[in-house]
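Participant: build me a structure from this.
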Amino acid sequence: MERGILVRWNDEKGFGFIQPEQQGKDVFIHITVLKHMARKPQVGDSILYRTEIQNDGKVKAIKASIEGVAVLANTSKSPRRNANPPSRSLSNTLLPLLLIFGIGIFGFKKYTEFEIAQAPNNTEIETTPLYEPQTQPLSAPKTQFRCEAGKTHCSHMSSCAEATFYINHCPNTQMDGDGDGIPCERQWCSKPSF
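Facilitator: Residues are numbered from 1 along each chain as shown. Model prediction:
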(Lines give C-alpha, C1' and ligand atoms only; values in the text may rest on other atoms or scores of the structure.)
Protein backbone atom coordinates (compact mmCIF):
# COMPACT_ATOMS: atom_id res chain seq x y z
CA MET A 1 0.00 0.00 0.00
CA GLU A 2 1.06 3.55 -0.65
CA ARG A 3 0.99 6.41 1.83
CA GLY A 4 0.06 10.04 1.37
CA ILE A 5 -1.41 13.13 3.01
CA LEU A 6 -4.99 14.28 2.38
CA VAL A 7 -4.44 17.79 0.98
CA ARG A 8 -7.99 18.66 -0.17
CA TRP A 9 -11.40 17.39 0.99
CA ASN A 10 -14.93 18.44 0.02
CA ASP A 11 -17.12 17.08 2.83
CA GLU A 12 -20.32 18.14 1.07
CA LYS A 13 -19.55 16.16 -2.10
CA GLY A 14 -17.59 13.39 -0.35
CA PHE A 15 -14.31 13.43 -2.25
CA GLY A 16 -10.80 14.83 -2.07
CA PHE A 17 -7.18 14.42 -3.15
CA ILE A 18 -4.18 12.68 -1.60
CA GLN A 19 -0.62 13.95 -2.17
CA PRO A 20 1.58 10.83 -2.40
CA GLU A 21 4.77 10.58 -0.30
CA GLN A 22 6.62 9.66 -3.46
CA GLN A 23 6.36 12.57 -5.84
CA GLY A 24 3.62 12.26 -8.43
CA LYS A 25 0.16 13.51 -9.36
CA ASP A 26 -2.46 13.89 -6.63
CA VAL A 27 -4.66 10.82 -6.22
CA PHE A 28 -8.47 11.14 -6.26
CA ILE A 29 -10.28 9.59 -3.26
CA HIS A 30 -14.00 9.14 -2.72
CA ILE A 31 -15.79 8.73 0.64
CA THR A 32 -17.07 5.26 -0.37
CA VAL A 33 -13.57 3.78 0.01
CA LEU A 34 -13.41 5.16 3.57
CA LYS A 35 -16.94 4.19 4.72
CA HIS A 36 -15.55 1.56 7.10
CA MET A 37 -13.64 4.21 9.11
CA ALA A 38 -14.82 5.47 12.53
CA ARG A 39 -14.83 9.10 11.35
CA LYS A 40 -14.79 11.17 8.18
CA PRO A 41 -11.43 12.17 6.71
CA GLN A 42 -9.90 15.57 7.42
CA VAL A 43 -7.28 17.59 5.58
CA GLY A 44 -3.86 16.59 6.93
CA ASP A 45 -4.76 12.94 7.65
CA SER A 46 -2.21 10.33 6.68
CA ILE A 47 -3.91 7.90 4.26
CA LEU A 48 -2.85 4.37 3.33
CA TYR A 49 -4.25 3.45 -0.07
CA ARG A 50 -4.09 1.35 -3.22
CA THR A 51 -4.54 2.95 -6.62
CA GLU A 52 -6.10 2.14 -9.93
CA ILE A 53 -5.67 4.00 -13.21
CA GLN A 54 -9.01 4.91 -14.78
CA ASN A 55 -9.82 4.86 -18.51
CA ASP A 56 -9.17 8.61 -18.75
CA GLY A 57 -5.65 8.16 -17.30
CA LYS A 58 -6.40 9.65 -13.88
CA VAL A 59 -5.29 7.85 -10.72
CA LYS A 60 -7.93 6.91 -8.15
CA ALA A 61 -7.69 5.32 -4.67
CA ILE A 62 -9.66 2.06 -4.61
CA LYS A 63 -8.87 0.82 -1.09
CA ALA A 64 -7.94 3.22 1.69
CA SER A 65 -7.80 3.79 5.42
CA ILE A 66 -6.99 6.72 7.65
CA GLU A 67 -3.83 6.03 9.65
CA GLY A 68 -4.49 6.03 13.42
CA VAL A 69 -8.32 5.89 13.07
CA ALA A 70 -10.31 2.85 14.14
CA VAL A 71 -11.88 0.62 11.51
CA LEU A 72 -15.52 -0.35 12.07
CA ALA A 73 -16.10 -4.11 12.02
CA ASN A 74 -18.71 -5.77 9.78
CA THR A 75 -20.19 -2.53 8.46
CA SER A 76 -21.57 -4.34 5.41
CA LYS A 77 -23.56 -6.84 7.52
CA SER A 78 -25.06 -4.36 10.01
CA PRO A 79 -27.48 -2.66 7.58
CA ARG A 80 -28.81 -6.04 6.46
CA ARG A 81 -29.62 -7.04 10.03
CA ASN A 82 -31.36 -3.71 10.66
CA ALA A 83 -33.28 -3.80 7.36
CA ASN A 84 -35.69 -6.60 8.41
CA PRO A 85 -37.11 -5.28 11.71
CA PRO A 86 -38.84 -2.24 10.16
CA SER A 87 -40.77 -4.48 7.76
CA ARG A 88 -41.65 -6.82 10.62
CA SER A 89 -42.77 -3.93 12.79
CA LEU A 90 -44.86 -2.58 9.91
CA SER A 91 -46.65 -5.90 9.53
CA ASN A 92 -47.00 -6.19 13.31
CA THR A 93 -48.69 -2.78 13.33
CA LEU A 94 -50.75 -3.15 10.16
CA LEU A 95 -52.30 -6.52 10.97
CA PRO A 96 -53.90 -5.43 14.29
CA LEU A 97 -55.20 -2.23 12.67
CA LEU A 98 -56.86 -4.23 9.89
CA LEU A 99 -58.32 -6.60 12.47
CA ILE A 100 -59.75 -3.71 14.52
CA PHE A 101 -61.17 -2.12 11.37
CA GLY A 102 -62.86 -5.40 10.37
CA ILE A 103 -64.36 -5.87 13.85
CA GLY A 104 -65.64 -2.28 13.72
CA ILE A 105 -67.42 -2.86 10.40
CA PHE A 106 -68.90 -6.16 11.64
CA GLY A 107 -70.11 -4.46 14.86
CA PHE A 108 -71.70 -1.59 12.95
CA LYS A 109 -73.61 -4.00 10.70
CA LYS A 110 -74.86 -5.96 13.72
CA TYR A 111 -75.90 -2.74 15.49
CA THR A 112 -77.86 -1.62 12.41
CA GLU A 113 -79.61 -5.00 12.21
CA PHE A 114 -80.46 -4.75 15.91
CA GLU A 115 -81.92 -1.24 15.50
CA ILE A 116 -84.10 -2.37 12.59
CA ALA A 117 -85.30 -5.38 14.62
CA GLN A 118 -86.21 -3.10 17.54
CA ALA A 119 -88.29 -0.72 15.38
CA PRO A 120 -92.02 -0.66 16.37
CA ASN A 121 -94.14 -3.28 14.56
CA ASN A 122 -91.01 -4.37 12.70
CA THR A 123 -91.59 -1.59 10.13
CA GLU A 124 -88.81 -0.22 8.02
CA ILE A 125 -87.13 2.93 9.26
CA GLU A 126 -87.67 5.76 6.79
CA THR A 127 -84.75 8.08 6.32
CA THR A 128 -84.81 11.38 4.49
CA PRO A 129 -81.52 12.70 3.14
CA LEU A 130 -80.53 16.08 4.57
CA TYR A 131 -80.00 17.66 1.20
CA GLU A 132 -83.52 16.99 -0.19
CA PRO A 133 -86.23 19.42 0.89
CA GLN A 134 -89.34 17.94 2.43
CA THR A 135 -92.22 18.55 0.02
CA GLN A 136 -94.91 18.72 2.70
CA PRO A 137 -94.96 19.10 6.45
CA LEU A 138 -96.01 15.87 8.16
CA SER A 139 -99.20 17.40 9.59
CA ALA A 140 -100.34 19.22 6.43
CA PRO A 141 -102.88 17.61 4.12
CA LYS A 142 -101.70 16.60 0.66
CA THR A 143 -101.77 19.38 -1.92
CA GLN A 144 -101.53 19.46 -5.66
CA PHE A 145 -98.10 21.21 -5.56
CA ARG A 146 -94.60 19.92 -4.99
CA CYS A 147 -91.18 21.59 -4.91
CA GLU A 148 -89.44 21.48 -8.27
CA ALA A 149 -85.86 22.50 -8.94
CA GLY A 150 -85.49 25.87 -10.58
CA LYS A 151 -88.93 27.25 -9.61
CA THR A 152 -87.93 30.12 -7.36
CA HIS A 153 -89.46 33.30 -8.88
CA CYS A 154 -92.99 34.59 -9.37
CA SER A 155 -92.70 34.20 -13.15
CA HIS A 156 -92.43 30.42 -12.59
CA MET A 157 -95.75 30.23 -10.67
CA SER A 158 -99.23 29.70 -12.08
CA SER A 159 -101.35 30.85 -9.12
CA CYS A 160 -101.27 32.52 -5.71
CA ALA A 161 -101.81 29.12 -4.06
CA GLU A 162 -98.74 27.68 -5.82
CA ALA A 163 -96.61 30.74 -4.87
CA THR A 164 -97.80 30.46 -1.25
CA PHE A 165 -96.97 26.73 -1.19
CA TYR A 166 -93.49 27.40 -2.59
CA ILE A 167 -92.63 30.19 -0.17
CA ASN A 168 -93.75 28.04 2.82
CA HIS A 169 -92.31 24.66 1.81
CA CYS A 170 -89.49 25.01 -0.74
CA PRO A 171 -85.94 26.33 -0.24
CA ASN A 172 -84.29 29.28 -2.00
CA THR A 173 -87.47 30.99 -3.19
CA GLN A 174 -87.24 34.66 -4.14
CA MET A 175 -90.90 35.69 -4.24
CA ASP A 176 -91.35 37.86 -1.13
CA GLY A 177 -89.36 41.01 -1.85
CA ASP A 178 -90.71 43.08 1.06
CA GLY A 179 -90.58 40.21 3.59
CA ASP A 180 -94.23 40.45 4.67
CA GLY A 181 -94.98 36.75 4.07
CA ILE A 182 -97.16 37.35 1.01
CA PRO A 183 -95.51 36.14 -2.22
CA CYS A 184 -95.91 37.59 -5.71
CA GLU A 185 -97.98 40.58 -4.66
CA ARG A 186 -97.89 42.22 -8.09
CA GLN A 187 -98.58 39.10 -10.19
CA TRP A 188 -100.69 36.60 -8.20
CA CYS A 189 -101.46 37.54 -4.58
CA SER A 190 -102.81 40.90 -3.48
CA LYS A 191 -102.35 42.43 -0.04
CA PRO A 192 -105.44 42.36 2.12
CA SER A 193 -106.85 45.84 2.75
CA PHE A 194 -107.74 46.76 6.34
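
Participant: quick one: Phe17 from Val7, how far?
Facilitator: 6 Å (CB to CB, to the nearest Å). In short, each C-beta sits where N, CA and C put it, glycine included.

Participant: can you work out which residues contact both of these two?
Facilitator: Common contacts of Phe17 and Val7, defined by CB atoms under 8 Å, 6 or more residues apart in numbering, comprise Asp26.

Participant: what about these two, which has more around it?
Facilitator: A count of neighbours by other CB atoms under 10 Å puts Phe17 above the other of Phe17 and Val7, at 18 against 13.

Participant: run a quick neighbour tally on the closest residue to that one other than its chain neighbours.
Facilitator: Closest residue to Phe17 apart from its sequence neighbours, by CB to CB, 6 or more residues apart in numbering: Asp26 at 4.1 Å. Asp26: 15 surrounding residues under other CB under 10 Å.

Participant: ok, now which ones touch Asp26?
Facilitator: Asp26 neighbours (CB under 8 Å, 6+ apart): 7-8, 17-20.

Participant: how about those residues, which pair is most distant?
Facilitator: Farthest apart among those by CB to CB are Arg8 and Pro20. That separation is 13.7 Å.

Participant: where does the residue nearest the centre of the chain land in three-state SS?
Facilitator: What sits nearest the mean C-alpha location of the chain, by CA atoms, centre = their mean, is Leu94, with 17.3 Å. Secondary structure state of Leu94, per DSSP: H, G, I helix; E, B strand; the rest coil, is helix.

Participant: any idea how far Ile103 is from it?
Facilitator: Taking CB to CB, one finds Leu94 at 15 Å from Ile103.

Participant: tell me the helix or strand right after the least confident helix or strand in the chain by mean pLDDT.
Facilitator: Using mean pLDDT, DSSP states H and E, the weakest-scoring helix or strand in the chain turns out to be helix 78-118, at a mean of 76. Remark: after helix 78-118, the chain's next helix or strand is helix 160-169, criterion DSSP states H and E.

Participant: low pLDDT regions in the chain?
Facilitator: 74-88, 119-143, 191-194 (pLDDT under 70).

Participant: give the contact list for Ala38.
Facilitator: Applying CB under 8 Å, 6+ apart, the residues contacting Ala38 are 69-72.

Participant: can you do 6 Å?
Facilitator: Ala38 makes contact with 69-70, 72, according to CB atoms under 6 Å, 6 or more residues apart in numbering.
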